[in-house]
Structures are given as C-alpha cells and as structure tokens.
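Participant: Following is a predicted model, sequence given first.
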Amino acid sequence: MERRKLLTSSLAASALALSGSPFSQQAAQTPSATAGREYYLLRRYQVLWGPQVRAAHNFFRDALVPALNRLEIKPVGVFNARIGPDTPAIYVLLPCTSLETLANLEEHLAQDSEYLKAGAAFLNAPSLQPSYVRVQATLLRALDGWPKLILPAATAQHGPRLFELRTYENLTDQDHKRKIEMINAGYYDIFQKAGFWQVFYGDTLFGARMPDLTYMLGFSDMTERDKNWAAFFASPAWKSLSTLPRYTFEDIVSKVSNIILSPADYSQI
C-alpha cells in the first residue's frame, strides 16, 4: 500500500512540475479548455499474428474496455499498427482526468468481478501460450494548449478513419520545453487549417525514451493525410514559426517516430 501511495505522489509531483504555454486561441474556444488537463495511459501490446491477435481483441472488446468505462476512463481507443515498427502491435489509449485511477489501475480492475470473468481466458493464459509477447506503457499529461482529447466527427459517424501517432524525442530538457512551447504557439491552428483532426497532445511523465512528447492526428485515408501534410508545410504560419531563432539555433528534436494506426471496429476513438 505504501508503495502505491508513493507512486501516486510521485506522478502527481511530476505533473505539477511541468510548465506550459498559454492556450492557443483555437483550443481556448473549445469546451475542453474550461476543465483540467487529462492524463493518458498509452499501452502498446506486442503480439504474434494469429491466435494472439484474436485473443487480444476479444479481451479488449469484451472485458477491458467495458471495465475501463466503468472507471470513467473514456473514450478508450484501440488501434492496430498499420505502418510502423514492431508490427503486429495493438495500441490502447486510456484518457482519464484522475491520476490516481491510472496509477492504481490494476488494483481497481482486480476488484471488478465482471472484468475478471469476461477476461479470464486472456488474464489466466499459461506461460506456454501467453496472451501477448510484451506490453509497454507510457503515461502522459495533456499539453496546456490542448487539455482534453477531442473525438473526430468521423468516430461518432462510424466513418472511415486512420490515425497518425507521432512522438518527438529531445536531447535535453531545455529542448523539450522549447518544443512544447512551439506546439502551443501555433501547431493547433496550422493543423486545423491543413485539414487534420487533432485528437490529443501529451507530454510524457513516465516512459522509455524521455524527454519526449506524443500527439495524435486523424484523417479519412492516406491520400488525405498526404494532402494535409503538404498543406501544413506550405503554410506561411508554419514557415514563420519554424524559422524563429528560438527554435532553430539548435536541433531541438533528436528523433521523430511515426506510426499509422487503424481503429478496431469497437474502438471508441
């Protein structure tokens, strides 16, 4: 119990230590900007083609997602990695306003009898037939300028959609803060005008390759994605922002990871 309290306190202290920029004009006009910033737990399940993929999706659909919703973790996104390293992989995105809920998630789930019953086959798989190869988790906090996840209209309409998960790694904390500042200073409006659906922006509190940040964009198909990126880079606002000496005196991003995701048919995002 003391260890869990220490973890929760540590997460909260890290979150409070983060600095951010003022809301962008676009984000401030959205209802989400009136409430506190969300936290995101992003899990990547590495699986093998065949039975593991099917078993994982059955578990997510029938056990995990309903249990998370009962904990007020919603909407839950479940995505198949379509283009990117380490495929096959399944990404699960858990947005929540409560840091305590995410920090003690497994304890909460262990008290949910419906979850334990529905997920028994996955949770109790023998070591000779494991449910997955490995799971990696990253905890993020929403950026000031985009404090809550925003669902694309295509999600509610069950329309065609793909998502791009982009992670920017930085060599120093100072570079990391400048990149966050740069995003808050203009990315949101530029992405909107370029035609992207902006889902979430998160700064990593705990993860494997810190300091880094991750954000998610959406679009209907790869043709639209390419067109939107062309519009983004051609934007006068981007050209102005990306040439400011504050962001160009050194390389503030050391690596960009880019993954294209397709939502599972039961995904809530």
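Facilitator: Nice, I can see it.
Participant: Look up which residues are beta-bridged to residue 79.
Facilitator: Here residue 79 sits in beta bridges with residue 91, residue 263, going by DSSP bridges.
Participant: what about it, how many residues close to it?
Facilitator: Residue 79 has 23 neighbours, counted by other C-beta atoms under 10 Å. For glycine as for every other residue, the C-beta is placed from the backbone atoms N, C-alpha and C.
Participant: Relative to residue 179, how far out is it?
Facilitator: 24 Å (C-beta to C-beta, to the nearest Å).
Participant: got any ranges where the protein has weak pLDDT?
Facilitator: 1-35 (pLDDT under 70).
Participant: now with 80?
Facilitator: Along the chain, the model assigns pLDDT under 80 to residues 1-35, 86.
Participant: Quickly list the domain ranges of it.
Facilitator: 21-37+143-263, 38-142 (automatic domain parsing).
Participant: Which stretches in the stretch 101-250 of the chain count as strands?
Facilitator: Secondary structure of the stretch 101-250 of the chain (DSSP state E, counting those that start in this stretch): strands at 134-142, 162-169, 197-206, 212-219.
Participant: Same list (the ones you listed) but as JSON lines, adding mean neighbour count and distance to residue 104.
Facilitator: Output for the strands of the stretch 101-250 of the chain, formatted as JSON lines (neighbours: other C-beta atoms under 10 Å; distance: least, C-beta to C-beta, whole Å):
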{"stretch": "strand 134-142", "mean neighbour count": "18", "distance to residue 104": "13"}
{"stretch": "strand 162-169", "mean neighbour count": "20", "distance to residue 104": "26"}
{"stretch": "strand 197-206", "mean neighbour count": "23", "distance to residue 104": "14"}
{"stretch": "strand 212-219", "mean neighbour count": "23", "distance to residue 104": "23"}
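Participant: Next, format those as CSV and append distance to residue 72.
Facilitator: Formatted as CSV, these follow (distance: least, C-beta to C-beta, whole Å):
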stretch, distance to residue 72
strand 134-142, 16
strand 162-169, 23
strand 197-206, 17
strand 212-219, 21
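Participant: Number of residues surrounding residue 156?
Facilitator: By other C-beta under 10 Å, neighbour count at residue 156 equals 8.
Participant: what about residue 244, how many neighbours?
Facilitator: Using other C-beta under 10 Å, residue 244 is surrounded by 12 other residues.
Participant: how close does it sit to residue 252?
Facilitator: The gap separating residue 244 from residue 252 is 11 Å, by C-beta to C-beta.
Participant: for residue 260, same thing?
Facilitator: 25 Å.
Participant: again, but for residue 178
Facilitator: Applying C-beta to C-beta, the value for residue 178 to residue 252 is 5 Å.
Participant: List the strands paired with the one helix or strand residue 45 maps to, with their directions.
Facilitator: Using DSSP states H and E, residue 45 maps to strand 39-46. Strand pairing for strand 39-46, determined by DSSP bridges: strand 89-96 (antiparallel), strand 134-142 (antiparallel).
Participant: of all those strands, which lies closest to residue 159?
Facilitator: The closest of those to residue 159 is strand 89-96. By C-beta to C-beta, the value is 18.9 Å.
Participant: and residue 112, how many neighbours?
Facilitator: For residue 112, the neighbour count with other C-beta under 10 Å is 17.
Participant: What residues does it make contact with?
Facilitator: 67, 70 (C-beta atoms under 8 Å, 6 or more residues apart in numbering).
Participant: now the one 3 residues further on
Facilitator: Residue 115 sits next to 63, 64, 66, 67, 109 when contact means C-beta under 8 Å, 6+ apart.
Participant: number of nearby residues for the first one?
Facilitator: By the criterion of other C-beta under 10 Å, residue 63 has 22 neighbours.
Participant: Where does it sit: helix, strand or coil?
Facilitator: Under DSSP: H, G, I helix; E, B strand; the rest coil, residue 63 falls in the helix class.
Participant: returning to what we had before: save the domains of the chain as a markdown table, and put in distance to residue 269 too.
Facilitator: Below are the domains of the chain laid out as a markdown table (distance: least, C-beta to C-beta, whole Å):
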| stretch | distance to residue 269 |
| --- | --- |
| domain 21-37+143-263 | 6 |
| domain 38-142 | 3 |
